[in-house]
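Q: Okay, predicted coordinates and the sequence, questions at the end:
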Amino acid sequence: MFGTAKETNGRREIKSVHKIDEILAVIKRLNEGTLTEIAEEVDLTKGTVHTYLRTLHNCGYLTEEDGVYRLSLQFITVAEHVRNETSLYMAGHDEVDALAERTGEYAHLVAEERGREVTLYESRGEYAIATDYHLRLRETPQYLHHNAAGKAMLANFAADRRDRILEAQELEAQTENTITDEAELRDTLETVRENGYALNDEEEIRGMRAVGAPIRVPDGSIFGAVSMSAPASRLQGERFRSAVPELVMETANLIEVNLETAQREG
């Protein structure tokens, strides 16, 4: 029944909103789907699913052609509004462009939400590769433990926040280099805090390395991170361990200055 409330962690929530979220997630995963295909994926009658789909279509969140439903372009305009209202994006996108231009590789500006990494912006340098892979990463929030920007944030969060994130998720392996042992990860995060930057040594995808640094707000808390990624053949030795980390940390510092300046002007 639409609008029926349920209890979650002792709080009342609207079940129909959860069903809408589930239906949208199904359509996203399928890319597109008929009523029958979508109804097979959710625990609702076909008639109820049709009511949800018709409502979402009338509200502009779905398109429908010949009985096939897709997510509408309205999600793009909503996402652009959210991003443009995010102070980290406004303070950081030009600096990320500059980092990509200086290195010739991919540069990324990310934030953490609900224990996952969300890409706010990325810039492609002259020699950057794996464009399709990076585009796919932007569609789904990522775990923090297997990439440079994620580890940079995770290492510098307050201890209780870091513990909550680690307790809420398994350390899934992306490659044979991914750290999946919590004690080893915590030791690595301690090194990240000491160095001021994090390394991803083919831990997310074989053949790719990355360097990430945290972005702090004036009170010292972590607001996001910036990173640069490149093929391992081009990111090795002194460039991987020293030169690029210096560039990435410099970029993070410039973004911090932009954030503080904007805050004072505001």
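A: Right, received. Where do you want to start? Numbering: from 1, shown residues only.

Q: Strands along this structure, start to end?
A: Secondary structure of the chain (DSSP state E): strands at 5-8, 11-14, 33-34, 62-65, 68-71, 106-113, 116-124, 198-201, 208-216, 222-231.

Q: and the fourth one, what does it pack onto?
A: Helices and strands touching strand 62-65, as assessed by 3 or more C-beta pairs under 8 Å, 6 or more residues apart in numbering; DSSP states H and E, comprise helix 46-58, strand 68-71. All C-beta spots, glycine's among them, are computed from the backbone N, C-alpha and C.

Q: will you turn those into TSV that also has mean neighbour count?
A: Below are the helices and strands packed on strand 62-65 laid out as TSV (neighbours: other C-beta atoms under 10 Å):
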stretch	mean neighbour count
helix 46-58	15
strand 68-71	16
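
Q: These: which one's closest to G92?
A: When the helices and strands packed on strand 62-65 are compared by C-beta to C-beta, strand 68-71 sits nearest G92, at 27.4 Å.

Q: pLDDT averaged over the closest one - what is it?
A: If you average the pLDDT over strand 68-71, you get 97.

Q: Let me have the strands of the chain in JSON lines, extended by distance to A243.
A: Formatted as JSON lines, these follow (distance: least, C-beta to C-beta, whole Å):
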{"stretch": "strand 5-8", "distance to A243": "49"}
{"stretch": "strand 11-14", "distance to A243": "50"}
{"stretch": "strand 33-34", "distance to A243": "48"}
{"stretch": "strand 62-65", "distance to A243": "48"}
{"stretch": "strand 68-71", "distance to A243": "42"}
{"stretch": "strand 106-113", "distance to A243": "15"}
{"stretch": "strand 116-124", "distance to A243": "19"}
{"stretch": "strand 198-201", "distance to A243": "13"}
{"stretch": "strand 208-216", "distance to A243": "10"}
{"stretch": "strand 222-231", "distance to A243": "11"}
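
Q: weakest of those strands in terms of mean pLDDT?
A: strand 5-8 - the lowest mean pLDDT of those, at a mean of 54.

Q: Point out where the stretch 151-266 of the chain drops to low pLDDT.
A: 266 (pLDDT under 70).

Q: Show me the domain layout of the chain.
A: If you go by the TED database, the domain ranges for the chain are 15-72, 86-265.

Q: looking at the sheet around the residue positioned nearest the centre of the chain, what are its partners?
A: What sits nearest the mean C-alpha location of the chain, by C-alpha atoms, centre = their mean, is V118, with 1.7 Å. When assigned by DSSP bridges, V118 has beta-bridge partners A111.

Q: Tell me which of the strands of the chain sits nearest to A159.
A: Of those, the one closest to A159 (C-beta to C-beta) turns out to be strand 222-231, at 12.4 Å.

Q: residues of the closest one that come out buried?
A: 222-230 (16 or more other C-beta atoms under 10 Å).

Q: what's the offset of that strand from the middle of its chain?
A: Relative to its chain's centre, strand 222-231 lies at 11 Å (C-alpha atoms, centre = their mean, to the nearest Å).

Q: got it, and stretch 67-85?
A: 17 Å.

Q: Show residues contacting it.
A: 24, 27-28, 31-35, 38, 53, 57, 60-64, 89-90, 120-121 (C-beta atoms under 8 Å, 6 or more residues apart in numbering).

Q: How are the helices of the stretch 151-266 of the chain distributed by residue range?
A: Counting by DSSP state H, counting those that start in this stretch, the stretch 151-266 of the chain has helices at residues 159-167, 182-195, 237-238, 244-265.

Q: Please name every helix or strand in contact with the last one.
A: So that's helix 244-265. helix 87-103, strand 208-216, strand 222-231.
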